[in-house]
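[1] sequence? don't have it. structure:
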């Protein structure tokens, strides 16, 4: 089944559903197009109080599709930059949208899915959900402004742990730290997000838009700096031997042999 993105218009809110369950809702051109359409509509129509983003099948978003990323080695650097800048443009549009954007996270969010969730204004996650900055495990570096989001939302030592070691962090811990707004019962993230949207819909639209502009403005300088810095780094990483090894290891279900690459050897042997 091919990826798709559904926009559900509930009158005072739009719900964007990433329908790519076969790939654990990995990023797709269809998701990008649907998100952009919904954000543009929300910006143009005052009746819309919020945009809710979620994924089908009990998982928010697994980030970049490794089957697609594995082809990055055959792309030019300009082509790789264009891929990265597509995600950066979406992050900017989320922040620029005058209506609050809510991430409703079930199951978990990994890689660019983590970036996408933390670019949103409000985050609801079900108990037991895991967030993983899994880039490093595949020999890649965070994009989608994740380094900016995590450095603003979390203690620096924890942000470093998540990005350098690729360790998952639970929704419960993120909620305790104030980085997740609502902790929902399993399977109830969308219901909790709808309650937040209800609250927003009962409030003053112009004041909310002004408040969001202030909040986004406070984030913009660091976010823009990181989005600009990560593009050449990620473009280089996508075409490097470490990424080839990391993605091949993941797809063949073996441990990556990064130590061999450190010493100039050849990775890719069974461990």
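    Nice, I can see it. Computed from a predicted structure; not experimentally measured. Residues are numbered from 1 along each chain as shown.
[2] now the longest helix belonging to the chain, how far from the centre of its chain.
    Criterion DSSP state H: the longest helix present in the chain is helix 205-238. Taking C-alpha atoms, centre = their mean, to the nearest Å, one finds the center of helix 205-238 at 13 Å from the center of the full chain.
[3] and for stretch 179-190?
    Here the centre of stretch 179-190 is set off from its chain's centre by 17 Å, with C-alpha atoms, centre = their mean.
[4] tell me which residues are up against it.
    15, 52, 54, 58, 104-106, 118, 122-129, 153-154, 171-172, 174-175, 191-193, 196 (C-beta atoms under 8 Å, 6 or more residues apart in numbering). C-betas here are computed from N, CA, C, even on glycine.
[5] likewise stretch 200-208?
    Stretch 200-208 is contacted from outside by 12-13, 46, 49-50, 99-100, using C-beta under 8 Å, 6+ apart.
[6] repeat for stretch 191-199
    12-13, 49-50, 52, 54, 102-104, 122, 124, 181-182, 184.
[7] repeat that for stretch 211-220.
    Outside stretch 211-220, the residues within contact range by C-beta under 8 Å, 6+ apart are 95-100, 121, 148, 152.
[8] how about stretch 54-64?
    Counting by C-beta under 8 Å, 6+ apart, 15-21, 23-27, 103-117, 129, 134-135, 187, 189-190, 193 sit against stretch 54-64.
[9] can I assume residue 6 is in contact with residue 14?
    No - in this structure, residue 6 is not within contact of residue 14 by C-beta atoms under 8 Å, at 10.4 Å.
[10] those two - which one has more neighbours?
    Ranked by neighbour count (other C-beta atoms under 10 Å), residue 6 and residue 14 place residue 14 first, with 25 against 12.
[11] shouldn't that one be within a strand?
    Yes - counting by DSSP: H, G, I helix; E, B strand; the rest coil, residue 14 falls inside a strand.
[12] ok, which pair from the contacts of stretch 200-208 is furthest apart?
    Taking C-beta to C-beta as the measure, the contacts of stretch 200-208 span a maximum distance of 13.5 Å, between 46 and 100.
[13] in terms of neighbours, single out the busier of the two.
    residue 100 (23 against 12).
[14] got a list of what the more buried one touches?
    By C-beta under 8 Å, 6+ apart, residue 100 lies in contact with 49-51, 121-122, 200, 208, 212.
[15] so which of those sit within helices?
    Per DSSP H, the contacts of residue 100 map to helices at 200, 208, 212.
[16] may I have the secondary structure class of residue 47?
    Secondary structure for residue 47, judged by three-state DSSP, is coil.
[17] distance of it from residue 205?
    Relative to residue 205, residue 47 is positioned 9 Å away (C-beta to C-beta, to the nearest Å).
[18] fine by me, thanks again.
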